[in-house]
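Q: fold the following.
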Amino acid sequence: MKTLSPSYLKHQFLIAMPHMADPNFAQTLTYIVEHNANGAMGLVVNRPQDLNLADILEQLRPDEEPPIGTVHVPIYLGGPVQTDRGFVLHSSERGYQATVELEGLSLSTSQDVLFAIAEGVGPAKSLITLGYAGWEAGQLEAELADNAWLNCPFDPEIIFGLASEQRLEAAAALLGINLSLLTSQAGHA
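A: Residues are numbered from 1 along each chain as shown. Okay, the predicted model is just below:
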């Protein structure tokens, strides 16, 4: 019997199927940061919170008034794990104290990137999340086999060029799929 080498989804999007019942992931678009034999990590990129960068800066530097423009920088709910920890997906002009390169994109987890964004000297494009999505070894593969998700190629324009409410449909369109036409019965014939 031929064993297929696992196909990992690092640097792809995960599209939640319309029947996804888990409230953490219903109607989400997730960018997969890492996926290997030990599990997977991703950031939900279409769930803005009632928080902005000014709110975060007030917590980090309570004695300083945050720059005015920071109230317009949304903070996204990246997933249900470590929701007090910040993750910044950004363009790769330069790195920060804790930056990982991801095929033309960078992920930083240190506060210096937040201050750089606030001061107007940060990366040209960025998306800030609190928390991340995590899967144990084999868990994401099982969920994919169960039709909980669709995966599609990553397109930075979807994160950085579209409003958050347009991202899920745009990613599905990359696959030629209109999610509103998929019923919750899909895959349960």
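
Q: drop to CA atoms for contacts and neighbour counts, all remaining ones
A: OK.

Q: which residues touch the nearest residue to Glu103 once chain neighbours are set aside?
A: Spatially, and ignoring its direct neighbours in sequence, Glu103 is nearest to His11 (7.5 Å; CA to CA, 6 or more residues apart in numbering). Neighbour list for His11: 31-34, 102-103, 153-154 [criterion: CA atoms under 8 Å, 6 or more residues apart in numbering].

Q: assign Asp50 to helix, strand or coil.
A: What DSSP: H, G, I helix; E, B strand; the rest coil gives for Asp50 is strand.

Q: return the residues in contact with it.
A: Asp50 sits next to Ile75 when contact means CA under 8 Å, 6+ apart.

Q: how about the one 3 residues further on?
A: Contacts of Leu53 were listed using CA under 8 Å, 6+ apart, and they are 70-75, 114, 118.

Q: weed out the non-buried ones from those residues.
A: Restricting those to buried positions leaves 70-71, 73-75, 114, 118, with burial counted as 16 or more other CA atoms under 10 Å.

Q: flag the shaky bits of the chain, pLDDT-wise.
A: Applying pLDDT under 70 to the chain flags the ranges 1-6, 183-189.

Q: would you state the helices of it in chain order?
A: Remark: helices assigned in the chain by DSSP state H are 53-60, 111-118, 139-145, 156-161, 164-174.

Q: put the alpha carbons of the shortest one into PDB.
A: So the one you mean is helix 156-161. In PDB, the C-alpha atoms belonging to helix 156-161 read as follows (Å, rounded to 0.1, in the frame of the first residue of the first chain):
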ATOM      1  CA  PRO A 156      -1.700  38.900   0.500                       C
ATOM      2  CA  GLU A 157      -4.200  41.200  -1.200                       C
ATOM      3  CA  ILE A 158      -7.100  39.500   0.600                       C
ATOM      4  CA  ILE A 159      -5.600  40.400   4.000                       C
ATOM      5  CA  PHE A 160      -4.100  43.800   3.200                       C
ATOM      6  CA  GLY A 161      -6.300  45.100   0.400                       C
END
